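*Asks:* sequence and predicted structure are below.
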Amino acid sequence: MKTNREKFNIIATSTDTEILNEIAYRKANRDWLRKSNRIAAKVLAALKEQNMSQKDLADKMNVSPQYVNKIVKGNENLTLATITKLENLLHIIILADTEKEIYSVSEPLISYEADVKEPSYITESYYGDAV
Amino acid sequence: MKDITSVQFIIPNKLAAFIYKGDMDINILNILLSTWRNVDDLFQFYETNKRIIANSTISSIFYSWENFSEDIMLDLEQLEDFIDDVANGKVNLDNAFHPLSRKEENVKILSLRKHRCKWLRIYAIRIDENLYVITGGAIKITQKMQDHIDTRYELTQLDYSRQWLKDQGIETDESFYCYFDL
């Protein structure tokens, strides 16, 4: 009598090699993929805020709507020229904002502020002398 | 609910996923990863569910779109690392997939399981020791699976898939489950 494992190995007839290859690629390229993801998130938020469609943006950028769709999927390795065009057309800052550290994203702002200590020249000697 | 057309291994003899009718021969794990990697799709999900997400019990902070998309990106990376670790033999799946039911105390055959990140869930059925088949997955934004249409759908798909496996001759030792996925 066959075990469940043996029965299952007969049912599962093929192997997907694409997933592990894609994961290896994404792990090797994680740094810029994160940036691409954040740019896409920012562009989508700007489009909604400015009541613009992806096609409107494509027309303004003089590119195909398919290319804009690739940008907002967040997996595209964008050139500096494209990033600058997005910044100018959507009036958003992209480059400075993509440098933020990951760990701070989900932290409540209040705890971050509470941890920030004012420099000693403000809290001690400076105010001390002034008062 | 989608009919099953076949089963495909992701990692032979360890992790498999169902292929459903209408999915062009692409297994459900591949579809889920592609969907969650698509920021445009994620934005539509956020817009549809932002009131629920903003009031999520996952954290006390207000979840803006930027917070949410960042979290999903990190969840995805965690999930990719997990699959990579399974492929490299660093993880025993019995320690990574947890019973869906709080009432399940002992290991059962064809146990319904979940692998959880912060928001993302992978749902699977345990076939044998360190051998699982993925039935689906979801972005879980409510406390109970029954409270959102997507996770409710996943429960139906889990039940259907489990019955399908039984119909293929995979044996089970019990037949009733209650779901309290927290």
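*Replies:* Nice, thanks for sending it over.

*Asks:* next helix or strand past the longest helix along chain B?
*Replies:* The single longest helix within chain B, with elements called by DSSP state H, is helix B:65-87. The helix or strand immediately downstream of helix B:65-87 is helix B:93-96, counting by DSSP states H and E.

*Asks:* which secondary structure elements does that next one contact?
*Replies:* Applying 3 or more C-beta pairs under 8 Å, 6 or more residues apart in numbering or on different chains; DSSP states H and E, one finds that helix B:93-96 contacts helix B:65-87. C-beta: built from backbone N, CA, C; applies to glycine.

*Asks:* switch to 10 Å and redo it
*Replies:* For helix B:93-96, the packing partners by 3 or more C-beta pairs under 10 Å, 6 or more residues apart in numbering or on different chains; DSSP states H and E come out as helix B:65-87, strand B:112-116, strand B:120-128, strand B:131-139.

*Asks:* turn these into CSV, columns for mean neighbour count, distance to B:Asn55 and mean pLDDT.
*Replies:* As requested, those are arranged in CSV below (neighbours: other C-beta atoms under 10 Å in any protein chain shown; distance: least, C-beta to C-beta, whole Å; pLDDT from 0 to 100):
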stretch, mean neighbour count, distance to B:Asn55, mean pLDDT
helix B:65-87, 19, 13, 94
strand B:112-116, 21, 20, 75
strand B:120-128, 24, 19, 93
strand B:131-139, 25, 15, 95
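
*Asks:* quick one on the thing from earlier: please see if the longest helix of chain B touches chain A.
*Replies:* Yes: using C-beta under 10 Å from any C-beta of the partner chain, helix B:65-87 reaches chain A at B:65-74, B:76-77, B:79-84, B:86-87.

*Asks:* pick out the residue of chain B closest to chain A.
*Replies:* B:Val39 (3.5 Å; C-beta to the nearest C-beta).

*Asks:* number of nearby residues for A:Gln90?
*Replies:* Actually, residue A:90 is Leu. It isn't Gln. Counted with other C-beta atoms under 10 Å in any protein chain shown, residues neighbouring A:Leu90 total 20.

*Asks:* what sits against the nearest residue to it once chain neighbours are set aside?
*Replies:* Distances taken as C-beta to C-beta, 6 or more residues apart in numbering or on different chains place A:Ala46 nearest to A:Leu90, at 4.2 Å, with adjacent residues excluded. Contacts of A:Ala46 were listed using C-beta atoms under 10 Å, 6 or more residues apart in numbering or on different chains, and they are A:52, A:57, A:86-87, A:89-92, A:94.

*Asks:* quick one: low-confidence parts of the chain?
*Replies:* Looking at chain A here, since you left the chain open. A:97-131 (pLDDT under 70).

*Asks:* to clarify, I was referring to chain B.
*Replies:* By pLDDT under 70, the weakly predicted segments of chain B are B:57-61, B:102-110, B:173-182.

*Asks:* now the residue nearest to A:Leu90: phi and psi?
*Replies:* Torsion angles at A:Ala46 (phi, psi; degrees, to the nearest 10) stand at phi -70, psi -40.

*Asks:* the one 3 residues further on too?
*Replies:* As for A:Glu49, its main-chain torsions (degrees, to the nearest 10) stand at phi -60, psi -40.

*Asks:* can you pull out the helices in chain A?
*Replies:* Going by DSSP H, chain A shows helices at A:4-11, A:18-28, A:30-49, A:54-61, A:65-73, A:80-90, A:109-115, A:120, A:127-130.

*Asks:* a markdown table for those, including distance to B:Glu129?
*Replies:* A markdown table is the format used below for those (distance: least, C-beta to C-beta, whole Å):
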| stretch | distance to B:Glu129 |
| --- | --- |
| helix A:4-11 | 8 |
| helix A:18-28 | 22 |
| helix A:30-49 | 32 |
| helix A:54-61 | 48 |
| helix A:65-73 | 39 |
| helix A:80-90 | 50 |
| helix A:109-115 | 43 |
| helix A:120 | 60 |
| helix A:127-130 | 66 |
